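Participant: Model the structure of this input:
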Amino acid sequence: MHVGAATIFQNPAKFTTDYEVYRQELHLADLAEPLGFQSIWGVEHHFTDYTMCPDVLQFLTYMAGRTTDMQLGSMVCVLPWHDPMRVAEQVSMLDNLSDGRFILGVGRGLAKVEYDGFRVDMNESRTRFIESAECLLAGLESGFCEFDGEYIKQPRREIRPHPFRSFKDRTYAAAISPESSRIMAQLGVGMLVIPQKPWDEVESDLSNYRNAWHESHGPGSAGPPSPVVACWTFCHEDADYARDMARRYIGGYWHTVMDHYQFKADHHKDIKGYEYYGKVAEKMFDYGDDEVVDFFVNLQVWGTPEQCYEKILQIRDRTGHDTYVGAFSYAAMPYEAAEASMRVFAAEVMPKLKALDGNA
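Facilitator: Numbering: from 1, shown residues only. Predicted coordinates for the structure are as follows:
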């Protein structure tokens with residue numbers, strides 16, 4: 001199994017300065033390669049302290065220059081907020097700079113505060129995403145972008161520097177709703193699974209995704225790449241301490257999700273393409289805050305090294321994933337605790353994960 005680490009740059013309630021968050025998060029990112037992690041991942045978000053990484057490709061370009069062999073993953077680049085021609089140029093430039101180490105992750109975005117800030121109508125997001133993805137992915141294979149859609153009108157232009165190898169089998173997309181998983185299959189991209197709903201629903205979505213893949217690409221196709229799974233992770237030798245830290249900080253992270261995406265405002269049900277999230281918000285209200293927090297925490301990976309390893313194996317049984325990405329710093333967790341967790345995971349869990357299927 002391939003094992004990566006994610007850097008998310010949270011500063012909830014401004015617990016410190018944004019500058020200090022960057023100093024500390026970059027310190028953890030710099031540890032990833034020496035500790036043996038095989039990839040570093042960043043996420044794109046704007047305007048709030050939920051995640052202060054407005055340009056994930058810029059962050060990964062910085063990390064490309066500070067690392068030797070690590071792969072560099074976007075989790076994700078939100079396409080409706082960007083010109084796909086510019087994204088194609090940035091992606092190809094990063095891949096050329098890093099000697100082909102980039103893993104492309106794309107998504108549609110969910111936060112009204114971000115759509116409003118970029119003056120993009122959320123009701124247009126699904127069509128904008130599909131058109132942008134089609135333009136971008138075709139361009140990265142052909143070396144030029146050209147598209148005539150409802151929203152994307154791109155005259156033919158070369159991508160320079162030219163993409164020097166295919167992005168097939170190293171492009172993934174985040175998909176929470178069942179409709180999105182089918183779209184990703186039709187686009188021919190892998191699935192990025194970030195646990196937020198019951199595992200039986202995830203299994204059902206992946207089954208529908210695989211069926212849609214074969215319908216779109218033919219029964220003789222090789223099939224989709226194995227999913228990437230990314231979890232909020234806390235690892236410690238003391239099981240009770242790990243449980244307490246998970247409840248406090250993974251639970252704390254969930255509260256930042258609720259704030260950033262404004263789930264309690266209950267507006268998603270009225271936005272085209274986001275009806276699924278409106279139903280999710282209704283379920284949250286029915287269950288209550290404490291039960292929802294406990295549910296989210298228990299989806300993630302935390303505990304002793306042995307418990308973390310077993311949880312990842314259980315997720316693997318359900319998803320068939322061959323890449324695990326751990327986020328180790330979040331929700332104003334003390335950085336010394338985040339670093340200790342990362343080091344224990346790297347020393348005690350990661351070697352066993354890498355050894356799965358003989359891939360040491």
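
Participant: CA atoms for contacts and neighbours, from now on please.
Facilitator: Will do.

Participant: which residues are contacting stretch 113-127?
Facilitator: With contacts defined as Cα atoms under 8 Å, 6 or more residues apart in numbering, stretch 113-127 is touched by 45-47, 80-81, 108, 112, 151, 260-261, 271-273.

Participant: Would you mark the buried spots in the lowest-mean-pLDDT helix or strand in the chain?
Facilitator: Least confident helix or strand, the chain: helix 275-287 with a mean of 74, by mean pLDDT, DSSP states H and E. Neighbour-count burial for helix 275-287 flags Tyr276, Tyr277, Gly278, Val280, Ala281, Met284 (criterion: 16 or more other Cα atoms under 10 Å).

Participant: Ok, stretch 343-355 next?
Facilitator: Quick answer for stretch 343-355 (16+ other Cα under 10 Å): Arg343, Val344, Phe345, Ala346, Glu348, Val349, Met350, Pro351, Leu353, Lys354.

Participant: Neighbours of Pro161, how many?
Facilitator: 17 (other Cα atoms under 10 Å).

Participant: Return the residues in contact with it.
Facilitator: Glu89, Ser92, Met93, Asn96.

Participant: what do you get for Phe234?
Facilitator: Contacts of Phe234 (Cα under 8 Å, 6+ apart): Ala242, Met245, Ala246, Val301, Trp302, Gly303, Phe328, Ala338, Ser341, Met342.

Participant: go with 7 Å
Facilitator: Listed by Cα atoms under 7 Å, 6 or more residues apart in numbering, the contact set of Phe234 reads Ala242, Ala246, Val301, Trp302, Gly303, Phe328, Ser341.

Participant: That one: which element?
Facilitator: For Phe234, the host element (DSSP states H and E) is strand 228-235.

Participant: returning to what we had before: just the buried members of the contacts of stretch 113-127?
Facilitator: Going by neighbour count (16+ other Cα under 10 Å), the contacts of stretch 113-127 have His45, His46, Pro80, Trp81, Arg108, Lys112, His260, Tyr261, Ile271, Gly273 buried.

Participant: In helices, which of these fall?
Facilitator: Lys112, His260, Tyr261 (DSSP state H).

Participant: Pretty sure Ser92 sits against Arg165.
Facilitator: No: look at Ser92 against Arg165 with Cα atoms under 7 Å: they stay out of range, at 9.5 Å.

Participant: how far away is the spatially most central residue of the chain from Phe129?
Facilitator: With distances taken as Cα atoms, centre = their mean, the residue of the chain nearest its centroid is Met75 (3.3 Å). Applying Cα to Cα, to the nearest Å, the value for Met75 to Phe129 is 15 Å.

Participant: just Pro34 next, same as before
Facilitator: Counting by Cα to Cα - Pro34 and Phe129 are separated by 36 Å.

Participant: Thr61 versus Ile103, what's the distance?
Facilitator: For Ile103, the distance to Thr61 - Cα to Cα - is 12 Å.

Participant: What of Tyr209?
Facilitator: 31 Å.

Participant: do the same with Lys153
Facilitator: 28 Å.

Participant: mind saving the C-alpha coords of stretch 296-305 as PDB?
Facilitator: C-alpha atoms of stretch 296-305 as PDB (Å, rounded to 0.1, in the frame of the first residue of the first chain):
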ATOM      1  CA  PHE A 296     -17.600  11.100  12.100                       C
ATOM      2  CA  VAL A 297     -14.900  10.400  14.700                       C
ATOM      3  CA  ASN A 298     -15.500   6.700  14.500                       C
ATOM      4  CA  LEU A 299     -15.200   6.800  10.700                       C
ATOM      5  CA  GLN A 300     -11.600   8.000  11.000                       C
ATOM      6  CA  VAL A 301      -8.300   6.200  11.900                       C
ATOM      7  CA  TRP A 302      -7.100   6.700  15.500                       C
ATOM      8  CA  GLY A 303      -5.900   4.600  18.400                       C
ATOM      9  CA  THR A 304      -2.800   2.600  19.200                       C
ATOM     10  CA  PRO A 305      -0.600   1.600  16.200                       C
END
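
Participant: Centre of the chain to it, how far?
Facilitator: Averaging C-alpha positions (Cα atoms, centre = their mean, to the nearest Å) puts stretch 296-305 18 Å from its chain's average.

Participant: Now do it, average pLDDT.
Facilitator: The average of the pLDDT scores along stretch 296-305 is 98.

Participant: for stretch 146-164, same thing?
Facilitator: Computed over stretch 146-164, the average pLDDT equals 98.

Participant: Stretch 49-67 now?
Facilitator: For stretch 49-67, the per-residue pLDDT averages 98.

Participant: same question, stretch 125-137
Facilitator: Predicted confidence along stretch 125-137 averages 97 (mean pLDDT).

Participant: mind listing what's buried in that stretch?
Facilitator: For stretch 125-137, by 16+ other Cα under 10 Å, it's 125-137.

Participant: before we move on, what about stretch 173-188?
Facilitator: For stretch 173-188, using 16+ other Cα under 10 Å, the buried residues are 173-178, 180-188.

Participant: Now tell me what touches it from outside.
Facilitator: 105-107, 189-193, 205, 208-209, 212-213, 216, 276.

Participant: Average pLDDT for it, rounded please.
Facilitator: On average, stretch 173-188 scores 87.
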